[in-house]
Structures are given as structure tokens and as C-alpha cells.
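sequence-free structure coming up:
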């Protein structure tokens, strides 16, 4: 079976290249986004999916779920992720943060009743969120070309690999009971999507080209996350100053 | 992209009435933010989506503390110096209307969040500073919301709003540059104007 994987990969890479080449001719090329044609096609797919299926579900969830339940859901999945954050903070050499994250998991999983209450946060252990893509970034791995994937959305090449590692580690995906696992994955996805509902309208109104608005914001946001916000210098001076 | 959630809360938060002239930039941001949030929390119309009312709040309370000319120059980038003074003025006017309108709308969805202020230290005599705040949302990590301010005479003016590392101003650079290279400065003015007209009609 071994030889089939590289061959499939090659075929896939070819398809991506062809799609990208066919789509790029008309748009100004952004160096960070060499596969813009492909990405715009995937963006359109995602927008379509979102409109007919994902967003309506998230709106329903948002409408019927009282705030304390939403907070509990966010805390529950946040607590699961905190363990992965701790590992990544350790990998990034941020020992104090890692220790605090371990403390959060211990406190919230017990006193916080399985992570439903963020007791540790009340006690002053600030929540961090780190994933493997950020760890790779801290190690100096460059972004690589930008991609827009169906379902999971924007990821640079580096962060796509990071996402694969995250998913491999993710305790939710490791739940043995398939029905329970799928329900948890769906609930988490819905909860995250519901968190963006308010943003939707603003982006819709603010962006002239939603695709590039989201891409540029994503890339700026990733840079800031990798440097934990310390490396966000003020924008360059305008010509008239 | 969670950051986008609080894009909205940015312009909106900067509000305030009579602020003493020699106020420090972080005190200014805090006072204006507190004032606006207090109004929004008590105003049932804004909470239920009254865009016109939110727009008015932003125009009267937030606008005076922003330097839209500088914001527009930053968003337009290199092409700014190619625009005539009259074109610059029209660009700044349209861009201001767009930002005010979109972010007034965002104000209407501010409900369960609160804002906390992170300690800011500035060099003595600094005239260009970043004031750091955070939007705290129950159940998820708080979102950094920073303001870039410049001292103009005796007053501080905001010239950029940075949400989760995303500058709301420079994020427009790509699309503005593309429009200018396709249709020139006037094309960009028209693009902004069309959008503002469209938004004004949609919210009637």
C-alpha cells in the first residue's frame, strides 16, 4: 500500500496547481496566497455550506441556549483544550504559562466539575490558547502558502500541519463511542460558529472583498498570536505624517 | 478569526463626553469606553438592534476622539500622496462614514461582554502610544483590543484600532490598492460612496 500514498499526493498536488493556475490569471497576486484561484473556489463552497446548513444550526443553538449553558459549553471544551495548551506552552519554552495551564486543568476538572466552571480563571489563572501551529511558528517555521479549506477554513501551510497534529492529539476525537464523539465534535463546532454570528454582519458590511478581508485579517491575527501580541508594532507612518 | 467577533466593539467603545484636555491616553480610552458601555447597557433600543440610535451615539461620543484623516491615509497607503487634497478629503469622509456605520451596528450586539484595562506604561513625553484593553467574554478567552493614539497639540487622537492583532485600518490596504490600480483614486472614492449609500438604504 505504501506507494499509493505519494502517488495520490502527487495527483492531489497537480490538481491543486491546475486549479490555482486557472483561477489566478485575473486577480492581482498576493505573494502569501499563490493558490488564490483554488482558495476562492473553496471559499465559495464553504460560504454555500455555511448559508444552507452550518449558520442556521448555529443560529438555532444561539437562540434556544441560555447564556449559562453556552458559557458551560465553552468552558467544558476550553478545559479539554487547556491540556494541549499546556504542552504547547512547554514546547515553546514558556514554563510558567505551562504550569499555570496545568493548574487550570487540575482545578477546573475537579472543583470546576469537569471543566464546566472556570474556577481557576476566577482565582486568577488566566486562560491561554495555544496550538501546534503557533508552536511551529515560535520555532521559526514560516507560514508557507495560504490555503482556504472547506469546513475548517483559513490555514497557512504551516498551520494546516499544526491543525493535523492538534486533531491527532485532540481528546474529543479520541472518544471511543462514535456517536458520543460525533455529538461532541458537532456541539463544539456549533458553539464556535455561534460565537461568530455577531461578527458576520459586520464583516459583511465592512469588507469590499470578503475573501481577501478574511485572508488578510487571518494572516495578521496569526502573526500576533505567535508573538503573543508583543510583536505588533504600530503601523507604519502615513505619508502625510 | 474569533478576533472578528470584537471588530465591532472597537469604534463603539470609544465614547465619552467632556474629557479633560491633559488626560493621559489610557485614562481617555477608559473613560470613553466606560461611558459608552454604560449607555449601551441601559439602552434597550440599542440592545434590540436600533442602528440609527447606535449611529448617533457613536457620532456624538466617539467621533471627536478619532483622527479619520490619518486612518484613511494609513488604509490607502502609498496612493494617499497621489491623491489631490480634495480627493483626500472625500476619501476621509467616505471612509469615516463606512467605519462609523459598520461599527455602530456592532454596538447593537454588545451584551454579555465587558472590557478590562491592561496596564500601559509610556515613555515620558511620548506622542505615539498603544493603549491595551481586553474584551472579556464569559466562556471564552478574552480578546485583546488595542488603540493606537497620537498626541496632537494637547489632545490625544485614536488613529488605529487593533483587534487580536488585526488592524481595522490596514486590513483595507489590499482591497483599496487593488481598486486604485484598477480604477484610480476616483474609483476608490466611488466604491466607498456606493457602499455607504447601500448601507444607509438597508438600515432605513
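Great, that's in hand. These numbers come from a predicted model, not from an experiment.

What's the end-to-end length of stretch B:106-126?
In stretch B:106-126, first residue to last residue: 32 Å (Cα to Cα, to the nearest Å).

Same question for stretch B:46-53.
6 Å.

Show residues contacting it.
Stretch B:46-53 has contacts (Cβ atoms under 8 Å, 6 or more residues apart in numbering or on different chains) with B:39, B:40, B:43, B:45, B:54, B:57, B:104, B:105, B:107, B:108, B:111, B:203. To be clear about C-beta, it is placed using only N, CA and C from the backbone, and glycine gets the same treatment.

Then stretch A:87-96?
A:97, A:98, A:101, A:128, A:130, A:131, A:132, A:134, A:135, A:138, A:139, A:169.

which one of those has the most neighbours?
Ranked by neighbour count (other Cβ atoms under 10 Å in any protein chain shown), those have residue A:101 at the top, with 28 neighbours.

So which bits of stretch B:105-122 are buried?
By neighbour count on 16 or more other Cβ atoms under 10 Å in any protein chain shown, the buried set for stretch B:105-122 is B:105, B:106, B:107, B:108, B:109, B:110, B:113, B:115, B:120.

Actually, stretch B:171-185.
B:171, B:172, B:173, B:174, B:175, B:176, B:177, B:178, B:179, B:180, B:185.

From residue A:190, how far off is residue A:184?
Using Cβ to Cβ, to the nearest Å, one obtains 11 Å as the distance from residue A:184 to residue A:190.

swap in residue A:31?
Remark: distance between residue A:31 and residue A:190 (Cβ to Cβ) = 36 Å.

cool, and residue B:50?
Distance, residue B:50 to residue A:190, by Cβ to Cβ: 29 Å.

Check chain A for the residue nearest chain B and tell me.
When scored by Cβ to the nearest Cβ, chain A has residue A:224 as its residue closest to chain B, at 2.1 Å.

element containing that residue, please.
helix A:210-226 (DSSP states H and E).

Does anything pack onto that helix? Which helices or strands?
helix A:36-49, helix A:132-138, strand A:146-149, strand A:153-156, helix A:197-206, helix B:2-5, strand B:166-167, helix B:173-202 (3 or more Cβ pairs under 8 Å, 6 or more residues apart in numbering or on different chains; DSSP states H and E).

does any bit of the longest one sit next to chain A?
Spelled out, that is helix B:173-202. Yes: counting by Cβ under 8 Å from any Cβ of the partner chain, chain A has neighbours in helix B:173-202: B:173, B:174, B:175, B:178, B:179, B:181, B:191, B:195, B:199.

these two touch, right, the second one and residue A:214?
No: between residue B:174 and residue A:214 there is no contact, the gap being 11.4 Å when judged by Cβ atoms under 8 Å.

Buried residues, the helix holding residue A:224. List them.
A:211-226.

Identify the residues contacting that helix?
Contact with helix A:210-226 is made by A:30, A:32-33, A:39-40, A:43, A:133-134, A:137-138, A:143, A:146, A:148, A:154, A:156, A:159, A:203-204, A:206-207, A:231-232, B:1, B:3-4, B:144, B:164-167, B:170-171, B:173-175, as judged by Cβ under 8 Å, 6+ apart.

From these, keep the buried residues only.
So, by 16+ other Cβ under 10 Å, the buried ones in those are A:33, A:39-40, A:43, A:133-134, A:137-138, A:143, A:146, A:148, A:154, A:156, A:159, A:203, A:206-207, A:232, B:1, B:3-4, B:144, B:164-167, B:170-171, B:173-175.
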